[in-house]
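K.L.:
Need a 3D model of the sequence below.
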Amino acid sequence: MQLYRNIKNRRTELGMTQDELARLVGYSDRTSIAKIESGKVDLQQSKIALFAKALRTTQSELMGWEDEPHLTKEELEEAEIKTIAAHAVGDLSEESIKKIIEYAKFIKAQESKKE
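P.N.:
Predicted structure coming up:
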């Protein structure tokens, strides 16, 4: 049961809906995710690996074998932006990185308005 609670907890930590998670792991709708999170469905090892990838964590973490803290969705996005900026441009000051992060957030907000 720990696995199923961990899947739900991690999904909600990331601000992800059951529909989004279903799409990422190859289910047609959220019904399967609801059954999994309630412990009504046993997952094969290959599916646990897909869930771990979709939830940006490890299989061990989902199984409850690790107690390391997770990054929030916003922290993950900022870390990804920093990595992209560093690879694209090279060494940047913290101030420049902050500007890039703010600009990326602005662009993302603009894209959200279009949808």
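
K.L.:
Now residue 10. Nearest residue, chain neighbours left out?
P.N.:
Distances taken as CB to CB, 6 or more residues apart in numbering put residue 55 closest to residue 10, at 4.5 Å, once the chain neighbours are dropped. Where C-beta positions appear, they are placed from N, C-alpha and C, glycine not excepted.

K.L.:
any idea how far the one you found is from residue 111?
P.N.:
23 Å (CB to CB, to the nearest Å).

K.L.:
Looking at these two, which is more packed in?
P.N.:
Neighbour count, other CB atoms under 10 Å: between residue 55 and residue 111, residue 55 has more, with 22 against 9.

K.L.:
which residues touch that one?
P.N.:
If you count contacts by CB atoms under 8 Å, 6 or more residues apart in numbering, residue 55 has them with 7, 10, 11, 14, 16, 21, 62.

K.L.:
before we move on, what about residue 14?
P.N.:
With CB under 8 Å, 6+ apart, residue 14 has these contacts: 55, 56, 72, 73, 76.
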